[in-house]
Every structure is written in C-alpha cells, then in structure tokens.
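[1] please find the sequence and the predicted model below.
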Amino acid sequence: MKTNDRYQRGWEKLKEVDGEAGERVIDSLKDIAPDFARLLIEFPFGDIYSRPGLDLKSREIAVVAALTALGNATPQLKVHINGALNVGCTKQEVVEVIMQMAVYAGFPAALNGLFAAKEVFAERDKMKG
C-alpha cells in the first residue's frame, strides 16, 4: 500500500471525525515534528479508523473511554468528545461512557472526563447560538 494512499485516506477520515480540531492538531505539529504529523494521519486514521468492522460512532466511543481511562490526555479527550458528537453520539452517550470508566479507571479519571465533556458541550452550545 502506498504511503500517499494511506495519507489521503487518513486525511479524509480525520476531517470526517474531528473536522477543524483535527486539522489544527496536525498544523500545530508541522513546525516541530512534520513526520509525526504524517504518521498521525497515516496510522490511526488511514489504517485503523478506515478498517471495516466498526462504525465511526463505535470507534469514537472506544476512544473516549480509553482517553478517559488514561486520565492524562485531556486535550485529546476533548478533541475526541467533539469527534464522537460529530459522528452521531449523543451528549448522554458520551456522559455514560465516561461514567462507566469510574468502574475501571477510578472516580478521578471519570470526574476529569466529565469536566472535559462539560467544557466541550458548552463550547459547542456557544457556537450554535
């Protein structure tokens, strides 16, 4: 598989999921680590997100759960909460998956995830009206 194919497929998937937020992340890496920016497009989005077997909504629910459980990835969690909403998750589904992580990652991780979601929801509501 050609790198250009992976990159193009990844770029399209990144825009579909994360929209402008994803593009901003990639742009912010160009001056410090352009190869990393390319890898970020090719591997997660070009290879993994583009696979059959899970729809984008399911993938984003999994990512929100994983980033919440990590507990140290709030900026990425916010991007993927937006991504989850972009691909059809409801606010309630996002809240529920974050709450579920209290069982596996602890209350502090879930609490921090809920605060991240609250910020994302408020930003999106502000943009709407």
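    Perfect, I can see it now.

[2] how about the longest helix belonging to the chain: buried residues?
    Longest helix of the chain, by residue count under DSSP state H: helix 3-29. Buried residues in helix 3-29, counted by 16 or more other C-beta atoms under 10 Å: 6-7, 9-11, 13-14, 17-18, 21-22, 25-26, 29. Every residue, glycine included, has its C-beta placed from N, CA and C.

[3] for that helix, name the packing helices and strands.
    When contacts are defined as 3 or more C-beta pairs under 8 Å, 6 or more residues apart in numbering; DSSP states H and E, helix 3-29 sits against helix 34-40, helix 56-70, helix 74-86.

[4] what angle separates it from helix 74-86?
    Angle between the axes of helix 3-29 and helix 74-86 is 120 degrees (criterion: axes from the mean of the first three to the mean of the last three C-alpha atoms, to 10 degrees).

[5] and helix 3-29, how far from the chain's centre?
    12 Å (C-alpha atoms, centre = their mean, to the nearest Å).

[6] same thing with stretch 111-122?
    14 Å.

[7] spatially central residue for this structure, please.
    The residue lying closest to the centre of the chain (C-alpha atoms, centre = their mean) is residue 80, at 2.3 Å.

[8] domain parsing for this structure?
    Following automatic domain parsing, the chain resolves into domains at 1-51, 53-129.

[9] just those domains: most buried one?
    Each of those was scored by mean neighbour count; the highest is domain 53-129, a mean of 17, by mean count of other C-beta atoms under 10 Å.

[10] now that one: average pLDDT?
    Per-region confidence: domain 53-129 scores 97 on mean pLDDT.
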